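Colleague: Quick one: sequence plus predicted model below, questions after.
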Amino acid sequence: MTIALEHATAATSPAPPVPAAAAPPRPARLVLTPKTALAGQLDGAWWPRSRDLEAELPVLAAALAEPWGRITRVTVNPSRWPVIPPKVPVAGHTLHVGWFTEQDPDKLILLSYTVGRWDLLVIPPQTTPAAAARLMAAASVPGSVLTAGALIAAEAVIGRRPDVRNREDAWESEGGACMSPTGPPARQPVGPLSAGAWW
């Protein structure tokens, strides 16, 4: 009788909820500067999905494991990150996180025991896809002398003036900077020629 009662209780009681499978982490939105002999201010750009370093750094470290090796330390400026954990677990090791107020707020510095140091532009998570694409392209130019702060400031100007691109497009379509198929237009000399002739 007890067996039947237990069976009946098990049949009438709701089953415990089955935990939903955790969604796989989305890949890091990252672009790296091509390997060249030209050293620049930045080694690429990273566009995190949030300002949560504990959630974002494991995905970034995993994406950089193949091209750069094991990332062991990261430094940030605390003005852009609300919480800075001292350590973040990443795929079998611990990533040490530090902060410096003197560091460019829009830059992330990554360190590795095996390869060295890399500086990445950090694109704010709320950035529009078009603006992020422009910033990623600018940050990945080999040998660029533009700093992370300069790139973000330049994009802020473009973002406040959306008509800038429209004016440039109009200029191009009206013949403002048109190149002929044979090359740049010939320049006419201005000034005196021999024997006092003028053009």
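Modeller: That came through, no problem.

Colleague: This protein: strands as residue ranges?
Modeller: 30-32, 44-46, 71-76, 87-90, 93-99, 107-112, 117-122 (DSSP state E).

Colleague: name the helices or strands packed onto the third one?
Modeller: Which is strand 71-76. helix 53-68, strand 93-99, strand 107-112 (3 or more Cβ pairs under 8 Å, 6 or more residues apart in numbering; DSSP states H and E). For every residue, glycine as well, the C-beta is placed using N, CA and C.

Colleague: List the buried residues in that strand.
Modeller: By 16 or more other Cβ atoms under 10 Å, the buried positions in strand 71-76 come out as 71-72, 74-76.

Colleague: Out of those residues, give me the two with the largest separation.
Modeller: When the buried residues of strand 71-76 are compared pair by pair using Cβ to Cβ, the two farthest from each other are 72 and 76, 15.0 Å apart.

Colleague: returning to what we had before: any idea which of the helices and strands packed on strand 71-76 is most buried?
Modeller: The densest packing among the helices and strands packed on strand 71-76, expressed as mean neighbour count by mean count of other Cβ atoms under 10 Å, is seen in strand 107-112 with a mean of 20.

Colleague: mind listing what that one pairs with, with the direction of each?
Modeller: Here strand 107-112 has these sheet partners by DSSP bridges: strand 71-76 (antiparallel), strand 117-122 (antiparallel).

Colleague: Now do that strand, average pLDDT.
Modeller: Mean pLDDT, strand 107-112: 94.

Colleague: What of stretch 145-163?
Modeller: Along stretch 145-163, the predicted local confidence has a mean pLDDT of 83.

Colleague: Could you do stretch 69-81 as well?
Modeller: Across stretch 69-81, pLDDT averages out at 94.

Colleague: picking that back up, redo the strands paired with strand 107-112 as CSV? Include distance to residue 129.
Modeller: As requested, the strands paired with strand 107-112 are exported to CSV (distance: least, Cβ to Cβ, whole Å):
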stretch, distance to residue 129
strand 71-76, 24
strand 117-122, 16
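
Colleague: With respect to residue 155, which of those strands lies nearest?
Modeller: Each of the strands paired with strand 107-112 was scored for nearness to residue 155 using Cβ to Cβ, and the closest is strand 117-122 (10.2 Å).

Colleague: what's the closest one in contact with?
Modeller: With Cβ atoms under 8 Å, 6 or more residues apart in numbering as the contact definition, strand 117-122 has outside contacts at 30, 41-48, 64, 68, 76, 80, 106-111, 135, 139, 148, 151-152.

Colleague: Let me know the angle separating it from helix 53-68.
Modeller: Angle, strand 117-122 to helix 53-68, by axes from the mean of the first three to the mean of the last three Cα atoms, to 10 degrees: 130 degrees.

Colleague: Tabulate the CA atom coordinates of strand 117-122 in CSV.
Modeller: These are the backbone C-alpha positions of strand 117-122, laid out as CSV (Å, rounded to 0.1, in the frame of the first residue of the first chain):
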residue,chain,number,x,y,z
ARG,A,117,51.2,43.7,-24.2
TRP,A,118,48.2,44.8,-26.4
ASP,A,119,46.1,47.9,-26.2
LEU,A,120,42.5,47.7,-27.5
LEU,A,121,40.1,50.5,-28.0
VAL,A,122,36.9,49.8,-26.0
